[in-house]
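A.B. asks: just coords:
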């Protein structure tokens, strides 16, 4: 605990440091309240979150915010939703995957559950947890529902102890079917929202993983033979054939709709001679974009991700330095680029999908230190709804932060430019 009488200066990295920014439980304000009776304490907060220039002043009468040479506001950023059109090739690929793989896996799972009386409770939970999307055609299971069903099956399996009987094996096979459906559902989402190379890489990983898991002749693995039936093997072969055919199309130059849109945006940004940061959700997507931009689109880009190895950190530093020095105007990365990096001359941020939540979106916007445009790619209603939910939550985030500052009388910046980043706390 802090001793308020012994504190003259508190410095914090940013306004929501070490906090749950989604719930509004900000350590900044908790720390500030601990010294509320100390009229001497200074609090310095370095916050990269962009704030609408008139928001704090109009809503809460908080004035004298400083940023650079302008003493009035942190520069506003524009957040645009860029809708990605889906071409016929993409729709056909999605349809093939949905009909031949995703729906068949779900039907296999459902039929297996219905054929075993001991799984009636699982069938009820399944009916309550499954949704039908895209014209009541495509089954969709939320991740929390999948986790609940797997937990239910695990409890049932453990309840039978070390022995095996028909019911326990039925629960084990149901768990296997559920996992297979969930895998193919994730592949379908990647196919739609990420890129084709990521899907191919995931399927190839599943293929190699299946080879490793193939049971040998030892007594301890005989049970696994019962869980690897002909339908499972057939589903894997269908997946592999799909990946091989998709790889052929990619090698022929087929682009995912989001990759095509990024290509068009980069052409426009190149004409403006501006700097752009591209944020991907996953490393395979980053690798795919890095290859396309450097080898196919005719630009030079640097790519970094958040690996913790010393070698990777060195590569990160090298890429950021080259980008800041103007050797390239394009930097690609995963979530490591969402916060904490010094990119002072950035003009655009492109995210390949909406941010995970509003707090993350605010961190991404904070990369645009001198103002600029954040472009969020979206190719379906799910992503569009997520985008607008984040926009609404962002405004609430501003209101909560400003309200907490106002209620605790945290901020009273001096008008002298030398004191621009110093805030005096009045108890």
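C.D. replies: Arrived safely. As the structure is a computational prediction, the values presented were derived from the model and not from experiment. Numbers count the residues shown, from 1 in each chain.

A.B. asks: quick one: buried residues of the helix or strand where residue 132 lies?
C.D. replies: Here residue 132, judged by DSSP states H and E, is contained in strand 130-133. By neighbour count with 16 or more other C-beta atoms under 10 Å, strand 130-133 contains the buried residues residue 130. From N, CA and C alone the C-beta is placed, and that goes for glycine too.

A.B. asks: repeat for stretch 140-148
C.D. replies: 140, 141, 145, 146.

A.B. asks: now stretch 102-111
C.D. replies: Buried residues in stretch 102-111, defined by neighbour count with 16+ other C-beta under 10 Å: 102, 103, 104, 105, 106, 108, 109, 110.

A.B. asks: Parallel or antiparallel, which strands does the strand holding residue 132 pair with?
C.D. replies: Using DSSP bridges, strand 130-133 pairs in its sheet with strand 138-141 (antiparallel).

A.B. asks: what does the helix or strand just after the partner strand rub up against?
C.D. replies: Per DSSP H and E, the first helix or strand lying C-terminal to strand 138-141 is helix 143-159. Helix 143-159 is contacted from outside by 121-122, 125-126, 129-130, 168, 171-172, 174-175, 178-179, 182, using C-beta atoms under 8 Å, 6 or more residues apart in numbering.

A.B. asks: can we see that at 7 Å?
C.D. replies: 122, 125, 126, 129, 168, 171, 172, 174, 175, 178, 182 (C-beta atoms under 7 Å, 6 or more residues apart in numbering).

A.B. asks: Low-confidence regions, the protein specifically.
C.D. replies: Scanning the chain for pLDDT under 70 picks out 1-2, 4, 12-39, 42-76, 133-136, 212-233, 306-310, 336-340, 394-427.

A.B. asks: hmm, try it at 50
C.D. replies: 15-25, 50-57, 59-74, 215-228, 403-427 (pLDDT under 50).

A.B. asks: in it, which spans are strands?
C.D. replies: Secondary structure of the chain by DSSP state E: the strands cover 9-12, 42-45, 77-83, 130-133, 138-141, 276-279, 301-304, 330-333, 348-351, 372-378, 423-424.

A.B. asks: got those strands as CSV, with distance to residue 387 columns?
C.D. replies: CSV is the format used below for the strands of the chain (distance: least, C-beta to C-beta, whole Å):
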stretch, distance to residue 387
strand 9-12, 30
strand 42-45, 28
strand 77-83, 5
strand 130-133, 18
strand 138-141, 19
strand 276-279, 14
strand 301-304, 25
strand 330-333, 20
strand 348-351, 10
strand 372-378, 5
strand 423-424, 33
